[in-house]
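1. Generate a structure from the sequence data that follows.
(2 chains)
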Protein chains: 2
Amino acid sequence: MRDTFHDALDAITQTLVDMAMLVKQATKDATTALLTADLALAEKVIAQDDVIDEMQHELDDRTMRLLATQQPVASDLRTLVTSLRMSADLERMGDLAHHIAKLARMRYPNCAVPEELRPAFTEMGVVATRIIEKVGKVIDQHDSVGAIELDQDDDEMDKLHHFLLTTMQNGQWPHSIEMTIDITLLGRYYERCADHAVSIAKRVYFLVNGEYATE
Amino acid sequence: MRDTFHDALDAITQTLVDMAMLVKQATKDATTALLTADLALAEKVIAQDDVIDEMQHELDDRTMRLLATQQPVASDLRTLVTSLRMSADLERMGDLAHHIAKLARMRYPNCAVPEELRPAFTEMGVVATRIIEKVGKVIDQHDSVGAIELDQDDDEMDKLHHFLLTTMQNGQWPHSIEMTIDITLLGRYYERCADHAVSIAKRVYFLVNGEYATE
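-> Here you go, the predicted structure:
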């Protein structure tokens, strides 16, 4: 009976990793759609969000059933409760990719991002994708070193976000109010994506070490 | 033993209600600080955020201990898991009030909101405060009618948010890029506050009715 239970726990971890990989692809595709005004790709990301949401519901149902039927204690209990929280973070990261794709679609056939900011958004997409890739590994391998590294990636995202804000305010921003609003929101979406990744990393660190990482 | 357990469950509900009341006050104060450029009040909200965070940690520890020691099933299990999720929503709503207060502080002695948008932000503060008040009641009384009503309040918030965006884009917006960015972010904070409230309401509805509210 215990072996079946631990197989079920492993399956939950695997689903979280699968979710992270879907979110990674969605974020990567949303960034490409945004920067190349690719309507078909934006539509794909928008449609894909339901798959991620559905995955979360199925995963949470499975987790709740294990909590109810196996009445786990100690680290098994922590694993299950942490899984519920990580699935919520991943689902929200999927929502943020969805928001980026919707903005790309709203501005089509134009590109929501002006030329001079495209390198920064390309980089934000790269950092986001790398962060989510690491999140998958951290969940899969309970990798607490990787969990700490994520904080550095988050710093990089914060710097890029800061760069957007200063570029808009340097007195030479020639773009419309609409574009200013778009860039402000887009910057926030990428920043929040990284925040949720850090939040997942902290949960894994706690799970492995039984204490919070020192900041 | 079961009675002690149910007392502990009631205490958890009470702490969630207390958290909601703190978040309500923080949101109300943050709005006042924002609209009147009241630095002392902004500082108060910023300091108060630690209290809300600490409350969440203590509450989650207590919830985890009950899960571990009482091994609850059925509705008791659902109540505890839902409590973990609601505390996360409330904590995030506290963060949003904190963000509003920080923006008020950053622009002091100026007011971050231009005169023509102050009525809209006043209204957003009123709607947010009402929503959080209702959230407290919904949690306290497992009130699924109130849970449905929250959707209407959220619609009202969406309309106000939409009004901000259209006002900035009506071709007669005379304000700085900095102010445009501020208003965009502030609008988003209030909108997300309402979203989290709706999320809590849906969780309570599910807890009471065992199914999701039809949209």
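
2. which residues touch the residue in chain A that chain B sits nearest to?
-> Scanning chain A for the residue nearest chain B gives residue A:71, at 3.9 Å (criterion: Cβ to the nearest Cβ). For glycine as for every other residue, the C-beta is placed from the backbone atoms N, C-alpha and C. With contact taken as Cβ atoms under 8 Å, 6 or more residues apart in numbering or on different chains, residue A:71 is in contact with B:71, B:73.

3. Quick check: the gap between it and residue B:102.
-> Computed as Cβ to Cβ, to the nearest Å, the residue A:71 to residue B:102 distance reads 43 Å.

4. now swap in residue A:89 and tell me
-> Counting by Cβ to Cβ, the gap from residue A:89 to residue B:102 is 23 Å.

5. who has more neighbours, the two?
-> residue A:89 (24 against 17; other Cβ atoms under 10 Å in any protein chain shown).

6. The more buried one in helix, strand or coil?
-> Following DSSP: H, G, I helix; E, B strand; the rest coil, the label given to residue A:89 is helix.

7. Please name the nearest non-neighbouring residue to it.
-> What sits nearest to residue A:89 in space, not counting adjacent residues and going by Cβ to Cβ, 6 or more residues apart in numbering or on different chains, is residue A:196, at 4.4 Å.

8. Over to residue A:11?
-> residue A:62 (7.8 Å).

9. The one you found touches residue A:8, doesn't it?
-> Yes - at 7.5 Å, residue A:62 counts as touching residue A:8 under the criterion of Cβ atoms under 8 Å.

10. Which residues lie in contact with the most centrally placed residue in chain A in this structure?
-> For chain A, the residue sitting closest to the mean C-alpha position, by Cα atoms, centre = their mean, is residue A:93 at 3.6 Å. Applying Cβ under 8 Å, 6+ apart to residue A:93 gives the contacts A:23, A:27, A:132, A:193, A:196, A:197.

11. hmm, 10 Å instead?
-> A:19-20, A:22-24, A:26-27, A:52, A:128, A:131-132, A:135, A:189, A:192-197, A:199-200 (Cβ atoms under 10 Å, 6 or more residues apart in numbering or on different chains).

12. now it: how far from residue A:63?
-> 18 Å.

13. do the same with residue A:114
-> 44 Å.

14. okay, these two: which has more neighbours?
-> residue A:63 (23 against 16).

15. can you pull the pLDDT of that one?
-> As predicted, residue A:63 sits at a pLDDT of 95.

16. tell me which element it is part of?
-> helix A:39-70 (DSSP states H and E).

17. all helices for chain A, in order.
-> With DSSP state H as the criterion, chain A has helices at A:2-36, A:39-70, A:74-107, A:118-141, A:144-168, A:177-209.

18. for chain A, what are the low-confidence residue spans?
-> Scanning chain A for pLDDT under 70 picks out the ranges A:1-2, A:212-215.

19. hey, what's in contact with both of residue A:62 and residue A:8?
-> Joint contacts of residue A:62 and residue A:8 (Cβ under 10 Å, 6+ apart) are residue A:80.

20. How many neighbouring residues does residue A:174 have?
-> The number of residues near residue A:174, taken as other Cβ under 10 Å, comes to 7.

21. same deal with residue A:64?
-> 15.

22. One more: residue A:11?
-> Neighbours around residue A:11, by other Cβ under 10 Å: 13.

23. and it, what does it touch?
-> Taking Cβ under 10 Å, 6+ apart as the test, what residue A:11 contacts is A:59, A:62, A:66.

24. now swap in residue A:9 and tell me
-> So residue A:9 contacts A:63, A:66, A:70, A:72, A:75, A:76, A:79, A:80, A:83 (Cβ under 10 Å, 6+ apart).

25. Tell me the buried residues in the helix holding residue A:63?
-> By 16 or more other Cβ atoms under 10 Å in any protein chain shown, the buried positions in helix A:39-70 come out as A:41-46, A:48-49, A:52, A:55-56, A:59-60, A:62-63, A:66-68, A:70.

26. just stretch A:146-155 next, same as before
-> Neighbour count says stretch A:146-155 has A:146, A:147, A:150, A:153, A:154 buried, by 16+ other Cβ under 10 Å.

27. Any chance of JSON lines for those residues, columns distance to residue A:185?
-> Shown next, in JSON lines, are the buried residues of stretch A:146-155 (distance: Cβ to Cβ, whole Å):
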{"residue": "A:146", "distance to residue A:185": "30"}
{"residue": "A:147", "distance to residue A:185": "29"}
{"residue": "A:150", "distance to residue A:185": "24"}
{"residue": "A:153", "distance to residue A:185": "22"}
{"residue": "A:154", "distance to residue A:185": "19"}
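
28. Return the member of those residues nearest to residue A:206.
-> Taking Cβ to Cβ as the measure, residue A:147 is the one of the buried residues of stretch A:146-155 closest to residue A:206, at 9.3 Å.

29. Nearest spatial neighbour of that closest one, chain-adjacent residues omitted?
-> That would be residue A:201: by Cβ to Cβ, 6+ apart, it lies 3.8 Å from residue A:147.

30. now do residue A:46
-> Per Cβ to Cβ, 6+ apart, closest to residue A:46 is residue A:101, 5.1 Å.

31. From residue A:26, how far out is the one you found?
-> 8 Å.

32. if we can go back for a sec, would you mind putting the helices of chain A into TSV with distance to residue B:208 alongside?
-> Below are the helices of chain A laid out as TSV (distance: least, Cβ to Cβ, whole Å):
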stretch	distance to residue B:208
helix A:2-36	27
helix A:39-70	16
helix A:74-107	20
helix A:118-141	33
helix A:144-168	37
helix A:177-209	29
